[in-house]
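Q: I would like the atomic coordinates for the input below:
(one chain, ligands or ions: 2)
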Amino acid sequence: MIMPAAGSGQRFGSQSNKLFAILDGKPLWQHTVDRFQHRGDVRQIVLAVSEEDESTFREQIAAISSAAPIHLVRGGATRSESVGAALDAVKKFAAESTVANASAQTLVAIHDAARPLVRQADLDRVFAKAAETGAAILAAPVSGTLKRTTGNGSETVDRRNAFVALTPQVFAIDVICQAYARDRGRLATDDAQLVERTSHPVLLVPGSADNLKITFPEDLRIAEAILNECRSEFV
Ligand SMILES: Nc1ccn([C@@H]2O[C@H](COP(=O)(O)OP(=O)(O)OP(=O)(O)O)[C@@H](O)[C@H]2O)c(=O)n1
Ligand SMILES: C[C@](O)(CO)[C@H](O)COP(=O)(O)O
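A: Ligands and ions are numbered 1, 2, ... in the order given. Model (predicted):
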């Protein structure tokens, strides 16, 4: 598991990292880690964090029990740079693993630390599809009408076959490593975009729309309501 957690949370507007905001009694990032900690198919969690947040993450990690070891790496100025740094650590872990043929079997799941509400059923499906194809991501079908600005107004975008990418985005380790080796540093707002550039197909697995990314302050209140409403979906 790679969890990019080194953002500045500008749209959230708080003084500290939005991932330390309290959701249902504990920091937001810990809910996200919880979604993967107890699955049994996650061997390692690598959090990419900023220099200024590192000590706070270390303190909070020390205070929790974790089934899968949590490692910290220094994130970068963009989400892709943060993921690239974490990927270096995962490659080293896989190469040193005592599990027979670990590298070949290893899937790398990349999930925003700001998405605490991913459902176990969705995880089961995207992990299974990635194991089958080498590249699969959760994505939510577009339910509204899509518009795009034009020079003097707007136009409607055909929403058939249109999805909003979610996370986790799950890849065979050689697939994601080749993609990052080829395009690390080139602008990409998600990881699948880098894999698409290698012409490796990326399968979309329909995921729950409530797998929301905590971006704005109101998203935290929405997340609290969803968690209270259907807690059993997330354990
Ligand atoms: N340089 C960056 C930027 C983002 N992220 C992480 O990528 C995820 C998705 O990014 P986003 O929600 O955009 O977080 P921020 O970049 O912090 O938000 P903003 O764009 O509002 O500053 C978050 O878990 C964030 O911590 C990261 O690890 N490194
Ligand atoms: C990766 C992602 O969550 C997929 O929708 C999204 O692209 C992250 O974008 P952000 O601007 O870094 O939040």
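
Q: Name the single longest strand found in this structure.
A: Using DSSP state E, we find that the single longest strand of the chain is strand 163-172.

Q: so what strands line up beside that strand?
A: Sheet pairing here is set by DSSP bridges, and for strand 163-172 it gives strand 107-110 (antiparallel), strand 135-141 (antiparallel).

Q: Put together CSV for those, with distance to residue 24 on each row.
A: Glycine gets a C-beta too; all of them are placed from N, C-alpha and C. Below are those laid out as CSV (distance: least, C-beta to C-beta, whole Å):
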stretch, distance to residue 24
strand 107-110, 23
strand 135-141, 22
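
Q: Dump those to a markdown table, plus distance to ligand 1, mean pLDDT and mean neighbour count.
A: A markdown table is the format used below for the strands paired with strand 163-172 (distance: least, C-beta to the nearest ligand atom, whole Å; pLDDT from 0 to 100; neighbours: other C-beta atoms under 10 Å):
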| stretch | distance to ligand 1 | mean pLDDT | mean neighbour count |
| --- | --- | --- | --- |
| strand 107-110 | 10 | 97 | 24 |
| strand 135-141 | 14 | 97 | 22 |
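
Q: Would you mind giving these as TSV with distance to ligand 2 added?
A: Shown next, in TSV, are the strands paired with strand 163-172 (distance: least, C-beta to the nearest ligand atom, whole Å):
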stretch	distance to ligand 2
strand 107-110	8
strand 135-141	8
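
Q: returning to that earlier point: is ligand 1 contacted by the longest strand of the chain?
A: No: on the criterion C-beta under 6 Å from any ligand atom, strand 163-172 is out of touch with ligand 1, staying 8.3 Å away.

Q: same question, stretch 217-233
A: No: shown here: stretch 217-233 not in contact with ligand 1 (C-beta under 6 Å from any ligand atom), separated by at least 9.5 Å.

Q: Local confidence estimate at residue 98?
A: Here, the pLDDT recorded for residue 98 equals 63.

Q: got any ranges where this structure has weak pLDDT?
A: Filtered on pLDDT under 70, the chain yields the residue ranges 98-105.

Q: which bits of it sit near ligand 2?
A: So the chain meets ligand 2 at 79, 112, 165, 166, 167, 189, 190, 213 (C-beta under 6 Å from any ligand atom).

Q: Show me what from this protein comes close to ligand 1.
A: Residues of the chain lying near ligand 1 (C-beta under 6 Å from any ligand atom): 4-12, 48, 75-79, 82, 112-114, 213, 215.
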